[in-house]
Structures are given as C-alpha cells and as structure tokens.
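Visitor: coords below, sequence missing:
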Ligand SMILES: [Fe+2]
Ligand SMILES: [Fe+2]
C-alpha cells in the first residue's frame, strides 16, 4: 500500500526486525492479497492493441481462447487458465509461458499448470516450421501424463483463437471467474498468513 496513513515496520535491516514489525507487514499483506485477481486483470489489459503481426490483438486472442474453452464446457479453473495463458507476452518475450505459469501456479491443478507452462512448445506444432524451428519439438514430452491435455488445449482453444469475426466474449464476462479463482490459492508457502482469519 502507498497510503501514508498505514503503519510501517521500523527496521532498516531484517536482522533488526521485531514481532511488532512483522505483525504490521503480515496485516498489510493480508489486506493486499485479495486484490491479486484485479492486479492480474490490469496486467492482462496491457495486451490490448498489441498485434505483433497477428490478425487479432493479444488481448482478443486471450479472450477468444477463454471463450472457446468456456463454450466447450470447461470448468472455471480451466477457463481462467485459458484466459491468462499468454499474459506473459509483454514481460516475457523470450519465455512467455513461464510468466503465466508462475502467476497462476498457486491457483491451478498440477495438470492445468503443466498445460500453461508447456503450451508454447505444443502450440509450436502449428507454426515452428515456418520460422525455422522443429514443429515436433513437443515430441520430447511424448508419454508424459499431461501431454495429451496440453495438445488438446492448443488444438481446440489456443491455435483457432485468431479469428477477428468470432463472437468473442468481453473481459467483463471473465472477471468474476478470475477474482474467484485468485481468492482460493491451493498452494503457496504464504497461504497461511495471507488467508487465515485471525484468532478470536
Ligand atoms: Fe502462448
Ligand atoms: Fe495463445
């Protein structure tokens, strides 16, 4: 928080930290965490208007991937994964799937996390041969328990999501899903301090 009225710890190095300092920080962090979904959505909006040569901008591609997954009956966690799978396009030009995978890791099943982490290589099946790469790079994961699910994500939702004429749902439609998912971290070493109610 930037608010000057909020209390602050007094240490100048963590070696000087006290229980009082860390009670202040823990309380601030607990208030900050629930808006994680809103901050993720703000970052996703940075993809608007960024085409990178594609027929639709990167935000539309994300929305269309999520729309296709939603209309195919996927559950909320999967749809949010689909929505955010390319959120790293702006920060991670050289490893965009890793950015989404890191942001989403606390909220996803192991399988959905694997899909988002590896979708770049699996999606490459549809274009790597046009840019001098091996379109079968994904074959290194043949036999992996989640490889078929990742290939399916790319085939059904990611690779067809560049259609300017598709009836893509707006970001508003997905916002409550993102907020709900981000309010329920499954795994985080900070989960206890951020989500537990204080003792009476
Ligand atoms: Fe991607
Ligand atoms: Fe994509």
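Guide: Perfect, thanks for sending it. This structure is a prediction, so every number in the text was calculated from the model and none was measured. Ligands and ions are numbered 1, 2, ... in the order given.

Visitor: do I have it right that residue 86 meets residue 96?
Guide: Yes: here residue 86 reaches residue 96: they are 6.2 Å apart, a contact under CB atoms under 8 Å. For glycine as for every other residue, the C-beta is placed from the backbone atoms N, C-alpha and C.

Visitor: the two - which one has more neighbours?
Guide: residue 86 (26 against 19; other CB atoms under 10 Å).

Visitor: so for the more buried one, what's the pLDDT?
Guide: Predicted confidence (pLDDT) for residue 86: 98.

Visitor: skipping adjacent residues, who's closest to it in space?
Guide: Leaving aside its sequence neighbours, residue 86 sits nearest to residue 62 (CB to CB, 6 or more residues apart in numbering; 5.4 Å).

Visitor: so what's the one you found up against?
Guide: 44, 47, 82, 83, 84, 85, 86, 87, 161 (CB atoms under 8 Å, 6 or more residues apart in numbering).

Visitor: what about it, distance to residue 32?
Guide: Remark: distance between residue 62 and residue 32 (CB to CB, to the nearest Å) = 25 Å.

Visitor: also residue 93?
Guide: 28 Å.

Visitor: what do you get for residue 53?
Guide: 37 Å.

Visitor: settle it for me: which of those two has more neighbours?
Guide: More crowded of residue 53 and residue 32, by other CB under 10 Å: residue 32, with 12 against 4.

Visitor: quick check, pLDDT for that one.
Guide: On the pLDDT scale, residue 32 is placed at 90.

Visitor: swap in residue 139?
Guide: pLDDT for residue 139: 98.

Visitor: right, I'll leave it there.
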